Every structure is written in structure tokens, then in C-alpha cells.
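>>> Structure here, sequence nowhere to be found:
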């Protein structure tokens, strides 16, 4: 049995100033395992991965590779690679303007002379072997995200890797792409590569992993066979409390009087992003959702409503009155808030403090000549750190150094602080642990009870089923249907998304 | 006491101002060892009969005035546009030409001096807006966009001056604004810089200029989605830099009493960028420290004066300057910083071990 172990980490400890990130954590990876690493934000998943890949040095503990008794110290990512530990990060760390083959071999040769022909041949061989639908000469930026992800894996695997770390590889892929990635992972599994898989998607873990290690607050909770661990138990182990709360989050389905005027109504709206003109309305206190596959135009619709993309046609009404929303600031002043899909690109101001990030939108609404006083800003920050349970060492540390979930909470706090009447949340739960997901869903329902209209977009249909009382279904950049509370089932949504395709065929 | 000391040192180690402070410290120590009289400041009677301060320190701060003024504006431009304006020297000669020509065409009086300055301000702000439009609206990289005015600026000044190097026969300007007002022992340019710094501090305190400029520099998308118009902010910082350019150009005219479009404020754009960098500001934009940049300007000037005092020939001075600047920039580089902080934490650990050992 011991022979099967390709990696064992024992009693790993790592602390940062003021925080113990890992406290005596164990992790064992066996040959041909797909081993999930689970935990909430700040549980220590990324720290453990970074210790393994040589980004951080551990304070104490022992790492052994491939059953040898000799403890090793990994000092740099390069060294980790040489030891056969390949890593693919969430953000693809390749060069989009180089070809696939170049990306696979760049910086790897012993000699700094490149033999283009052999390189291309070898790349092609690997791509065929792993069934990756890309040519060696293709420019990487022309490949889909999934293929890019696969190329990154191919690069790691080709370096003779015995341990492959996949850190949230699926968070920007759609379902089909995920399936392709899983096929590749299974191939590697059968070749005896041990895979460490970090993700927030429970479905994916139950689909592909055979083992899971759970961390909580930097502590090792346990290692389990997936088939022996029901979902609800896994979640409760991650959260450290019995969790029937998840089932408690349930829709409100507040019946709206028909005579009420919609809070927001748009007609024949279209923007430079190229979506087909669409109509949309939302009642006060209603939670609506946009469902559809990745790239179906969900985000583009809400961006058009908020004025984030330049509107090319259509009219908007707010509280029954026609409004002219050309830029985000107009929308904000009317009483809207928009939490963007891509937190890193559109949300956070990485170098600015948590405090500045929280007050930012309110500050802009107040105007150029009315800075919020330091005292007020501290007060707001305290209030929302407490209310949303944001884990941060102080007000002053840059938001970029917080974990993803906490960053998201800060951006959420930013919009809550402006007290919007209509709040658009575009993928607020992406890349966030289960506990925070539930918190955010609850918050959405609470806001709705207070009369705030919310539009909630999520790639996880289940989540939308739980929170939304009406769903707009989209396909190919246009609205293809609308489902009321009673019609909302997973099946129905799928059928609406697929609907027209069936007719054409 | 000890705890507070460590807290202060740690705050300092993380502060942007570490590099400029360190550079200052080294310059002072070096000069103290070399020649303590370098620091002597005396109250002397100048040739107009005023009691004025004189000494190396005063001349350093005085002569750095134009550079400090430009560094103020350059800091904002760097923060918001993630690039630098390399046309400030050329633009300052244009502003100076406007200033001097308005004065030559009219009688010298205080209102007329103010009017001349306002005229040069308007012109410099227009050129700033030109640069700003290229950068903000057409999204051209700042260095490329300002390369245009860098190339053409001094020729435009030549054209404004009608091909000559104009000078002022009336000495009011050079006697008062360029040097000292009677009864005030501090050189007027220093006072002007102080006033500008105070105004800038007030602007940063009572408006959101700082926050907006940093937000646009850090993440333009996020800034836009939170209601800021990045185009307007970038335009604004270039126009503010225009005001700084007008001030620098006019101060230079006051100091010299003439304007030579070929030599006035030559290469000052590079020093201004350097001042921003020495001030601990990232040249790729984002967070900034105005104080750091102004300190940077004084450091550059102090360095120059030190080298002059060491009788380095003026032709060789740039090479010597380069050596010192390499040192400063290296100290501030991420690699050295990382090693320093590692060393620091190791030292702390060792002391901690010793302390527990004592117990």
C-alpha cells in the first residue's frame, strides 16, 4: 500500500504575520488518485498548494515524494517542476501570443537552442496522445479557454510529472469544456498520475474525484473516500457546523400585485456588445435571474441595463419614469448597483485598502468635492466587515491580499453601502466556498424582503432555482424564454435553452 | 518604548518613503564626513542690501524649485495614466516664452506679472489638454503621445520668441521673484513651491482627486463601472501638470531674466520622472506619494550640488549622478527589498531567541 503513495505531506505548518495558515496539516496522494482538496475561504487550500509548489516555504513539517523516506525541501516552483510536481493555476499562466508548441516547451530545454521541427513533432505527439483538439502551430489565443487549460496541463504532464496540481481549473469553463477537461484528467489518472484537484463545484468533485481531504481554518479535518461521504456531510465538515441551513435557504415567491409598476423596465434594449434587443422588467422586491450557457449574453444584458456597455437602442424606465442611463454613474444615481462578473478585471482596486474599496462607489456618488471623512469611512468599514463577516487583518491592508471570497464580500459591501433599489449580482458566488455561497444567497433573499429588486446570475442553475422567482432564459445572445416560479425546474430550463435547436434539426 | 520603536521601524520599512529617506540620510552622512561646513547657513547682506539666507542647503532647495513643481504634476500623471509626460521641459519653455513676451510688451507691474503668468498658464494647460486628449481619448501610450510635444516644443518656443532669446531689461522680476523680496530672507521660488504644496495638499484632502487618480491607474475598468469617467480624470491630471509646467517655466524666467529656448530647463523631464521614481512611486501608476516625489526632486538637486562641491567637472557630472542613482534605484528594487525584509525578520527571530534564552 505504501508503494502507491506518490506524495505525502506530514504535519505541515505555515504562518504569516498574525495568522496561522496551516496547522499540522497532513496530505497523502496515491498513484492514480484524483484527490479533491476542499475547504472554505481561508481554510488553507492555496497555502498548502503553494507550499507544495515551492511558492512558500513551510515553517515545519515533512514532505516525501514517491514513497522515499528522504524528506525534501522545495525551494522554488522550478524545483517543484524538476521533482515532478506540475501545477496548473486558475488563471492560465501561458503566453497567448505564442503557438501551442512554443507554450509547451518554452523555458524547458537544457540548451537554449530551439529545434523547431522536433519541438513541433513532439508537441503534436503529446497533443494526439492526450486527445487535445489543438494543432502545435496554432496561436494559443485562438484556442478556447478549455483548450488553453489543457495545453497548460499537457505542458505540466510532459515534464514527467507524477503529481499534477489543478487549482480551480474549471471556474472559467462551460459544461462541455469541463467534460473535455475531465476526459483528459481520467486519461492521466489511468496513466498513474496523481492529481490534486481544487474546486468549489461540488458536482464536479462527486463526478471525478475518488478521494477528498478537507481543511478548515488551517486545520486538517480528515481524508475520505468520496463514495462514503454524502454531500451534506462534506459540507458540514467544511463549515464545522451541522448544516441544514442550506436546505433552509428557500425562495420567497412573493406574489406581486399586477397593478404595481415595475421598478426597472427596459424595452428593445441593445448595446455595442451585440446582444439581440430584449425586454426586461423587475418588480420591487423581486429576484430575477438570467440563465443560459457561458457566452449566451447573460452578462451583456445586465451590463446594458447598468450602462456599462454603450447602449445602441432601446428605452429604460426606472420607477415608471423614463431615464437616460448612458454611463454607470447615471445608473448609480438612479439607484442601481452592479457587482461585475469578473472580480479581478472589473471589481477590485487591488492596491487600495479594504476601506477605500468599500466606500468607493458611495464616494463616487457623493461627488468629487465631498470626500467621506476618515471617521465615517472607518465606521462604514467596521459595519460591513461585521455584517458580511469579512476576514481581514485591518482596514488598511490592500484588498488584493485577501482571499477571493473575502474580496467578493468587500465588493458586495461596496454596493450595499450605496443602498441601491436595484442590485445586479453577476456571478457573485463564482470561485467562492460553499459557506459564503449560502451567505450570499441568504443576503439576496433578505434584500428582496426589504424591497430591493435583485437580478442574480449564476452558472449554477441550482443556485438560481433556490433564489430567483423568475428566470429569463438566454441563448445565442438573445432572450429565448421566461420561466415563472412554477415552471422553474432544471429540466425546463435546459429544454428552453435547447428549445429552438431541436426545432431546426 | 522598545515596542513602539519596532512598530515605527516596521511602518517605515513598509512605507513608500523608505527610499527617499534613506537616500537623504546617506547624502547627509556623506557630506558630514566630507565637509561639515557644507551645511552651514548664514544670514548675509546681498547686493541689493537685503538680509538673506545663504548656503548650500538654501541653494539646493532654491534651485530644485522648478523640478519640484514638475514632480508634483508628474506624480499625478504617473498615477492615473500609468505613464510619464516627457514633454514638460519643452512645454515649460513655451510657457516661459509666453510669460516673458507678455511682460516685454507691457509695463512691469504686479497685476501685469500676474496676467502674464495667467496667460502662460492657459497656454500650458492647453498643451496639457492636448497631451491628455491623446492619452485619454485616443489611448496612446503617454510617452509616445508626449513625444510629439517633446520634439516640437522648443521650436514652438523659438517661434513665439520670433527667433531671438528675449530678456528683460526691467530687473523687478529677477530681483524680487527670481531671488528675494526685501525683508524676506527665503528665496521666492522656495516660497512658491511651499504655496503649491499647501494648495496641492488641500486639494488632495478636500477633493477625491487622489482616490480617483489612483483608482484609474490601478483598475480602469473597475473605476468606470463605479461611476468614474477615466477619460476625464486623465485629462484632468494632464491639465494640472500643465499648471505645474507654467509655474516651472515662469519661475525659470524670473530666475534667469531671459529665456533661451535651446537651453532652458534642458533634460528636466528626465529628472522629474526620476524624482517620481526615487519618491517610491511605481512608474506603472496606482498608489502615489506626493511628498516622496518632492523629496526625490530635492535629492536629485542635493546630489548635483554635492558633486559640484567635490569639484567634479560639469561635463562629467551626469556620469557620477548615474552611479548614485543606480544605487538608489537598486535599493528600492523589489529583489533587494525582499532580501532586506528576510534579513530583518531573521534578525528579529534571533533577538527573540536570545531573549527567551535569558529567561
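Thanks, I have the structure now. Because the structure is a prediction, the values reported are computed rather than measured.

>>> Distance check, residue A:66 against chain B.
As judged by CB to the nearest CB, to the nearest Å, residue A:66 and chain B stand 31 Å apart. In this view, the C-beta of every residue, glycine as well, is placed from N, C-alpha and C.

>>> near chain B, which residues of chain A?
With CB under 8 Å from any CB of the partner chain as the criterion, chain A meets chain B at residues A:306, A:308, A:327-329, A:332, A:338, A:340, A:345-352, A:356, A:360-361, A:363-365, A:367-371, A:414.

>>> tally of neighbours for the residue in the stretch 151-300 of chain B that chain A sits nearest to?
When scored by CB to the nearest CB, the stretch 151-300 of chain B has residue B:227 as its residue closest to chain A, at 3.5 Å. Residues lying near residue B:227 (other CB atoms under 10 Å in any protein chain shown) number 21.

>>> you'd agree it is in a strand?
No: going by DSSP: H, G, I helix; E, B strand; the rest coil, the assignment for residue B:227 is coil, not a strand.

>>> re the thing from before, what about burial for the residues of chain A next to chain B, which qualify?
With burial judged by 16 or more other CB atoms under 10 Å in any protein chain shown, the buried subset of the residues of chain A next to chain B is A:306, A:308, A:327-329, A:332, A:338, A:340, A:346-352, A:356, A:360-361, A:363-364, A:368, A:371, A:414.

>>> what's the distance between residue A:482 and chain B?
27 Å.

>>> what about residue A:157, how many neighbours?
Neighbour count of residue A:157, defined by other CB under 10 Å: 23.

>>> That one is in what secondary structure piece?
Using DSSP states H and E, residue A:157 sits within helix A:145-158.

>>> residues of that helix that come out buried?
A:146-158.

>>> Which one of the residues you listed is nearest to chain B?
For those, the nearest to chain B is residue A:148 (21.7 Å; CB to the nearest CB).

>>> Isn't the closest one up against residue A:94?
Yes: between residue A:148 and residue A:94 there is a contact under CB atoms under 8 Å: 6.4 Å.

>>> Do a quick rundown of the helices in the stretch 251-400 of chain A.
According to DSSP state H, counting those that start in this stretch, the stretch 251-400 of chain A carries its helices in the segments A:298-306, A:328-334, A:354-366, A:374-387.

>>> Could you report the distance from residue B:60 to chain A?
Separation of residue B:60 from chain A (CB to the nearest CB) stands at 33 Å.

>>> Quick check: that residue touching residue B:302?
Yes: applying CB under 8 Å as the test, residue B:60 and residue B:302 come out as touching, 5.0 Å apart.

>>> Chain A contacts on the stretch 101-250 of chain B?
B:205-209, B:211-212, B:214-215, B:218-219, B:221-229.

>>> so where's the stretch 201-350 of chain A shaky on pLDDT?
By pLDDT under 70, the weakly predicted segments of the stretch 201-350 of chain A are A:240-259, A:294-295.

>>> Ok, the stretch 351-500 of chain A next?
Where the stretch 351-500 of chain A drops to pLDDT under 70, the residues are A:499-500.

>>> redo that, cut-off 80
Scanning the stretch 351-500 of chain A for pLDDT under 80 picks out A:430-435, A:459-462, A:475-476, A:490-491, A:494-495, A:497-500.

>>> in it, what residue is nearest chain B?
Residue of the stretch 351-500 of chain A nearest chain B, by CB to the nearest CB: residue A:364 (4.1 Å).

>>> In contact with that residue, which residues?
Going by CB atoms under 8 Å, 6 or more residues apart in numbering or on different chains, residue A:364 touches A:329, A:332, B:208, B:212, B:226, B:227, B:228.

>>> tell me the contacts of the spatially closest residue to it that is not a sequence neighbour?
Using CB to CB, 6 or more residues apart in numbering or on different chains and skipping residues adjacent in sequence, the residue nearest residue A:364 is residue B:227, 4.1 Å away. By CB under 8 Å, 6+ apart, residue B:227 lies in contact with A:327, A:328, A:329, A:332, A:361, A:364, A:365.

>>> Distance check, the nearest residue to the fourth one once chain neighbours are set aside against residue B:46.
Going back to what we said before, that points to residue A:332. The spatially closest residue to residue A:332, leaving aside those adjacent along the chain, is residue B:227, at 5.0 Å (CB to CB, 6+ apart). The gap separating residue B:227 from residue B:46 is 55 Å, by CB to CB, to the nearest Å.
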